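*Asks:* What follows is a predicted structure for the sequence shown.
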Amino acid sequence: MECQICNNNYFKYRCPICQIKYCSVDCFCNHKGSCAISEDVNTGANPSKEKPNQEFQFPTEDTVPKEKLEKLAESRKLKALLSNPHLRDMLQALGAAVNKEKAMQAAMLEPIFTEYADMVLEIVGEKL
C-alpha cells in the first residue's frame, strides 16, 4: 500500500486520529494541518476540549457502538493488562501489519493476546 500523502513510498505509519497512511515525518507534517483534529506538537494537547466527531465511515453489522467502546477506557483491568510491554508491542505490530489476517492469526497463538481479546469482548458485552 502506498503512502496516502505523497503516493511515492510504501506507508509505515497511520495517523492516530483519522487512520490515513503515511510514510515519513515529512508526510505526517504535511497531513497534520488538514487532519480532523490538529494537535499542538510541543504539548500533544488537543486545542479543542470537545471530543472529535468520530462517526463510523463504513459501519457494518459488526460495528461496535461508541457507547460500548467507551467502556474500554473505563476498565481498570484492561488498563492493567495494557501495562504489559509485550502486549503493547504486539498490538502496534498488528496495527502496522500489511497482512492483518495473518498477523491476527499469529497473535491469537499468544496467551497474553487471547486474554486481551477475551477481556475486550467481555467489556463491550459480546458473547465469548
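*Replies:* Here it is on my side, so go on.

*Asks:* where along this structure do the helices fall?
*Replies:* Counting by DSSP state H, the chain has helices at residues 25-32, 66-74, 76-81, 85-96, 100-107, 111-123.

*Asks:* okay if I get these as JSON lines plus mean pLDDT, mean neighbour count and distance to Thr60?
*Replies:* Using the backbone N, CA and C atoms, a C-beta is placed for each residue, glycine as well. Below are the helices of the chain laid out as JSON lines (pLDDT from 0 to 100; neighbours: other C-beta atoms under 10 Å; distance: least, C-beta to C-beta, whole Å):
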{"stretch": "helix 25-32", "mean pLDDT": "82", "mean neighbour count": "15", "distance to Thr60": "26"}
{"stretch": "helix 66-74", "mean pLDDT": "86", "mean neighbour count": "11", "distance to Thr60": "15"}
{"stretch": "helix 76-81", "mean pLDDT": "92", "mean neighbour count": "12", "distance to Thr60": "24"}
{"stretch": "helix 85-96", "mean pLDDT": "91", "mean neighbour count": "13", "distance to Thr60": "19"}
{"stretch": "helix 100-107", "mean pLDDT": "92", "mean neighbour count": "13", "distance to Thr60": "15"}
{"stretch": "helix 111-123", "mean pLDDT": "93", "mean neighbour count": "14", "distance to Thr60": "17"}
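
*Asks:* Point out the one among those helices that comes closest to Cys6.
*Replies:* helix 25-32 (5.4 Å; C-beta to C-beta).

*Asks:* related to what we said a few turns ago, export the helices of the chain to a markdown table and tack on distance to Cys18?
*Replies:* What follows is those, written out as a markdown table (distance: least, C-beta to C-beta, whole Å):
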| stretch | distance to Cys18 |
| --- | --- |
| helix 25-32 | 8 |
| helix 66-74 | 16 |
| helix 76-81 | 24 |
| helix 85-96 | 14 |
| helix 100-107 | 18 |
| helix 111-123 | 22 |
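
*Asks:* Report the distance from stretch 86-95 to the chain centre.
*Replies:* Put simply, stretch 86-95 sits 10 Å off its chain's centre (C-alpha atoms, centre = their mean, to the nearest Å).

*Asks:* Likewise for stretch 118-128?
*Replies:* Worked out by C-alpha atoms, centre = their mean, stretch 118-128 lies 18 Å from the chain centre.
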